[in-house]
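1. sequence-free structure coming up:
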C-alpha cells in the first residue's frame, strides 16, 4: 500500500484530499513531522488561503528546508502548488523555489470575475502532451474544478493550462515536483485520475 504524507498546512481541503486518496487505496498520514514526511512514498502539500500566512506556517513548523530536500514525488494542490514557485505577488513572499516563476494575481475584466471559481477546460501543452505520466488518461476536452485568485505563469514546466482572462498553468511538473492549480479532490473522474497517476509515478 502506498503511504502518502499529507502536510498539515492548515487548509480546509485536507480532509477531502485524504478521503480521495483512501478511495484510491492509498494510506494517508496527516503530519508536520519532517521525519514522517521524508519517509513516506509520496508527499502532498494541499493549501487553501493566502501565500504569506501559508509560508509563515511552514517556516514556523520547520518544514521549508525538509520540503525542499524531498526526493520522492511531491504534489502541490491549489495554494500548495503556488507555494512550489519562487515567489508570490500575494503578500510579496518568497516561496519554496522548487519551480521557477512568480505567482501573480488574475486580472478581472468584462466577463472575467476574480476569484476564478468553477469548472474550466484543461489544455495539454504540446511539448509535454503524451509524455507526462501525471496526465495519462486525461484528455484535451476534460474539465477540472478551480477556486483561486492567483496563478502561475506559463513556463517550460507547464504540463497543462487553462484560460480565465489570460492563460495560466493548471498543471506543472519538474523532476519529481508537481503541482495542480485545480482541486483534484473536487474534480470528479479527472481529479481521481490525476491522483491515481501521481500514486503510480516511479519513486
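-> Perfect, I can see it now. Computed from a prediction, not measured in an experiment: that's the story for all the values here.
2. excluding its backbone neighbours, what's nearest residue 71?
-> residue 176 (7.0 Å; CB to CB, 6 or more residues apart in numbering). In this view, the C-beta of every residue, glycine as well, is placed from N, C-alpha and C.
3. quick one: neighbours of the one you found, just the number.
-> Look at residue 176: counted by other CB atoms under 10 Å, it has 17 neighbours.
4. who's in contact with it?
-> 70-74, 201 (CB atoms under 8 Å, 6 or more residues apart in numbering).
5. quick one, phi psi at it?
-> According to degrees, to the nearest 10, the main-chain angles of residue 176 amount to phi -100, psi 10.
6. ok, it to residue 17 distance?
-> Distance, residue 176 to residue 17, by CB to CB, to the nearest Å: 19 Å.
7. buried set for the longest helix along the chain?
-> Using DSSP state H to define each element, the chain has its longest helix at helix 188-200. Going by neighbour count (16 or more other CB atoms under 10 Å), the buried part of helix 188-200 is 190-191, 193-199.
8. could you check how far that helix is from the centre of its chain?
-> In this view, helix 188-200 has its centroid 13 Å away from the chain centroid, taken as CA atoms, centre = their mean, to the nearest Å.
9. same for it, what does it pack against?
-> helix 14-23, strand 143-148 (3 or more CB pairs under 8 Å, 6 or more residues apart in numbering; DSSP states H and E).
10. worst mean pLDDT among those?
-> Least confident of the helices and strands packed on helix 188-200, judged by mean pLDDT, is helix 14-23 with a mean of 94.
11. any chance you could list what contacts that helix?
-> Against helix 14-23 from outside (CB under 8 Å, 6+ apart): 4, 6, 8, 28, 30, 44, 46, 77, 184-186, 191-192, 195, 199.
12. how much space between residue 83 and residue 93?
-> Per CB to CB, residue 83 is found 9 Å from residue 93.
13. joint contacts of the two?
-> Counting by CB under 8 Å, 6+ apart, the residues touching both residue 83 and residue 93 are 51, 55.
14. neighbour count winner among those two?
-> residue 83 (26 against 17).
15. got a list of what the nearest residue to the more buried one once chain neighbours are set aside touches?
-> Spatial nearest neighbour of residue 83, chain neighbours left out: residue 95 (4.9 Å); criterion: CB to CB, 6+ apart. Contact partners of residue 95, counting by CB under 8 Å, 6+ apart, are 51, 55, 82-88, 103.
16. could you measure from the residue nearest to residue 188 when sequence neighbours are not counted over to residue 157?
-> Take residue 188 and drop its neighbours on the chain: the residue closest to it by CB to CB, 6+ apart is residue 145, 7.9 Å away. Distance from residue 145 to residue 157, counting by CB to CB: 22 Å.
17. neighbour count winner among these two?
-> Each of residue 145 and residue 157 has its neighbours counted (other CB under 10 Å); residue 157 has more, 23 against 17.
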